[in-house]
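Peer 1: got a sequence here, can you build the structure:
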Amino acid sequence: MGSNPAAPTIPPADGRARETMTTIDTPQTSRAAALWLAAVAAVIVAMVVVGGATRATGSGLSITEWQPVSGALPPLTQEAWQRLFALYRATPQYRLVNVGMSLSQFEGIFWWEWAHRLLGRVLAVVFFVPFFALLILKRLPARLIVPCVVLFALGGLQGFVGWRMVQSGLTDRTSVAPEWLAIHQGTALILLMAILWTALEAWGGPAAGKGSVGWRRAGVVFLAAVYVQCLLGALVAGNHAGLVDADWPLMAGRIFPDDYWRGSAFATFIRGAAAVQFNHRLWAYGLLAAGFAIALAALRPGAAALRPLAFAIAAILVLQVGLGVATLLLTVPLPLALAHQFTAVCLLAAATAFAWTTRRATKVL
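Peer 2: Numbers count the residues shown, from 1 in each chain. Alright, predicted model coming up:
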């Protein structure tokens, strides 16, 4: 009898065929590494949101010591609570803003700051342990080892910047300095963008082509613009600028605020409440226009790979602007303020993915 070419092939008993069928990683890619980095990014997003709640509730100065290891445990005795409360009572914020605060009220602001710092410690563990596990298991592409080490160092820098920010409010201020808040948030968002980019590299591997020059430029410029807007938002938060000129589309009934200029560039663009809010508004309008321009350009033939992200960016921008206006008009209620901040992080993540995708394959522009 002749052989039957249609007969199925029986895989070897040792399972090698099954392994070949299910293995999708290559020397340049690692789905496990990509999922790990995505989890790290999720912790950073949680840190940003909890950090926003910490600032909005005035809780950021409730812990006056930097104890990276021992501070992981909350106060467990009445004596420990009294010691921390005594340290807080020595701060200008207590003497000028919260004088007479009870211990139970102090506990209310303490837990926000403690949770924010705890997430920072969780972030270190979520990054450090899987990183070495993937190295040992040889599931991390060699080209990503050095970038991951740099990411870990950047995370350490972020922790130091956070403590320096807290210090700025412990001597002669009742809140942290706006510039240090912006630097703290800025380094966190740089870390988030870098981790997301590395996760995409781990998932998709190195680009086979360079993509369209025009789209690559558009992706990078738009990502930078979103990042600048996040810094402007941090300055708004740091100056409590959402509580002044709380009307829209005008500011105190005017197109241009009367108290915009404060005598110097630093006093105006960093410490001026009216100026930072006005700048944040104008930049938002520009981003909204740019987002719609990108979405329209993505309708062109050859840009199908960019279309989902471009449309998502436009939709997030509409939601973000709406949340910003509502937050302002309602005098910064905490749920809306946190939603506004969370959506900003989502926009930055989408812009990062968009910029990464433009370096792949598009023919338009």
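Peer 1: which residues of this structure score low on pLDDT?
Peer 2: Applying pLDDT under 70 to the chain picks out residues 1-24, 208-209, 361-365.
Peer 1: next up, the contacts around the most centrally placed residue in the chain.
Peer 2: Against the mean C-alpha coordinate of the chain, by Cα atoms, centre = their mean, the closest residue is residue 189 at 4.1 Å. Residue 189 makes contacts with 48, 227, 230, 345, 348, as judged by Cβ atoms under 8 Å, 6 or more residues apart in numbering. All C-beta spots, glycine's among them, are computed from the backbone N, C-alpha and C.
Peer 1: so who does the last one touch?
Peer 2: Put plainly, it is residue 348. Counted by Cβ under 8 Å, 6+ apart, residue 348 has contacts 189, 192, 193, 223, 226, 227, 230.
Peer 1: how close does residue 26 sit to residue 47?
Peer 2: Distance of residue 26 to residue 47, computed by Cβ to Cβ, to the nearest Å: 32 Å.
Peer 1: who has more neighbours, those two?
Peer 2: residue 47 (24 against 9; other Cβ atoms under 10 Å).
Peer 1: now do the contacts for the more buried one.
Peer 2: 116, 119, 120, 123, 188.
Peer 1: how about the one helix or strand the first one maps to: buried residues?
Peer 2: Same thing as residue 116. Using DSSP states H and E, residue 116 falls within helix 103-137. Buried residues in helix 103-137, counted by 16 or more other Cβ atoms under 10 Å: 106-107, 109-120, 123-124, 126-127, 130-131, 134.
Peer 1: any idea how far it is from the chain center?
Peer 2: Put simply, helix 103-137 sits 16 Å off its chain's centre (Cα atoms, centre = their mean, to the nearest Å).
Peer 1: same check on stretch 283-295?
Peer 2: 20 Å.
Peer 1: please renumber the chain so that the first residue is 49 from this point on.
Peer 2: Okay, residue one is now 49; in that scheme the one you just asked about reads as stretch 331-343.
Peer 1: contacting residues around it?
Peer 2: Contacts for stretch 331-343 (Cβ under 8 Å, 6+ apart): 266, 270, 273-274, 276-277, 280, 358-359, 361-362, 365-366, 368-369, 372, 402.
Peer 1: for residue 346, phi and psi?
Peer 2: phi -70, psi -10 (degrees, to the nearest 10).
Peer 1: wait, isn't it in contact with residue 361?
Peer 2: No. Judged on Cβ atoms under 8 Å, residue 346 makes no contact with residue 361 at a distance of 9.4 Å.
Peer 1: just want to know which of these two has more residues nearby.
Peer 2: Set residue 346 next to residue 361 and count neighbours by other Cβ under 10 Å: residue 361 wins out with 26 against 23.
Peer 1: show me what the helix or strand hosting that one is packed against.
Peer 2: Using DSSP H and E, residue 361 maps to helix 355-377. Applying 3 or more Cβ pairs under 8 Å, 6 or more residues apart in numbering; DSSP states H and E, we find helix 355-377 packed against helix 321-345, helix 382-406.
Peer 1: residues of that helix that come out buried?
Peer 2: For helix 355-377, using 16+ other Cβ under 10 Å, the buried residues are 357-358, 360-362, 364-365, 368-369, 371-372, 375-376.
Peer 1: what does that helix rub up against?
Peer 2: 270, 290, 294-296, 332, 335-336, 339-340, 342-343, 345-347, 351, 381, 384-385, 387-388, 391-392, 394-395, 398-399, 401-402, 405.
Peer 1: so residue 285 is in contact with residue 229, correct?
Peer 2: Yes. Using Cβ under 8 Å, residue 285 is in contact with residue 229, at 6.6 Å.
Peer 1: and for the two, which residues touch both?
Peer 2: With Cβ under 8 Å, 6+ apart as the test, residue 285 and residue 229 both reach residue 103.
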